[in-house]
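Visitor: let me see the structure of the following:
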Amino acid sequence: MRNPALRMLFFLVLLVPVVLLLPHAQAADFKMGVVDPQSVLEKSKAGKRALDGLKEYVSIRQKLLAKDEEDLRNQEKLLKEQAPKWSDAEKKEKETQFRTKVQDFQKRAQDFNQELQKKQKDLVDEYMKKISVATQAVAEKEASHSSSIRAASRP
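Guide: Down below sits the predicted model:
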């Protein structure tokens, strides 16, 4: 999640509200806050739950892939041990079947990685929206609070 593109997105999401509010703020009243979206994701209760769910998903999938890989290694070992007993046609057929299984495994692993990347992106996108809404609410609250203080202090 330390992707430079995501950092740029985080920066832009935080910068846009500030830029939009600049014309309305006076230099003396200007306040700026910094939000680390990754920290929010890692430290908030909802963020921790989401990350834990993602970790559990990854763990389960990795265990399944590891078992499949172990099965393939055992089949390869068995093929090498029994190959001398087979005719050339049988060897070719068994090797073709094994290659197909390896290709299927590689496809499942690739699909898993793509699915994981999508889940990570969706998670980050969801939290960026939440962070943006919260940031905007705080900015609006601070803006209305400081303008009411200015209005009350005028003669």
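
Visitor: which helix or strand in the protein has the lowest average pLDDT?
Guide: helix 4-21 (a mean of 59; mean pLDDT, DSSP states H and E).

Visitor: and the next element down the chain from it?
Guide: The helix or strand immediately downstream of helix 4-21 is helix 37-43, counting by DSSP states H and E.

Visitor: now the phi/psi pair for W86, please.
Guide: W86 adopts backbone torsions of phi -100, psi 160, taken as degrees, to the nearest 10.

Visitor: and the residue most central in space within the chain, what pLDDT?
Guide: Centroid-nearest residue in the chain: Q120, 2.0 Å away (criterion: CA atoms, centre = their mean). You'll see Q120 listed with a pLDDT of 88.

Visitor: so it sits right up against L54, yeah?
Guide: Yes - using CB atoms under 8 Å, Q120 is in contact with L54, at 7.0 Å. Yep, even glycine has a C-beta here, placed from its N, CA and C like the rest.

Visitor: now the helix or strand that contains D71: mean pLDDT?
Guide: Element membership for D71 (DSSP H and E) is helix 45-82. Throughout helix 45-82, pLDDT has a mean value of 91.

Visitor: and that helix, how far out from the chain's middle?
Guide: Centre-to-centre, helix 45-82 and its host chain are 19 Å apart (CA atoms, centre = their mean, to the nearest Å).
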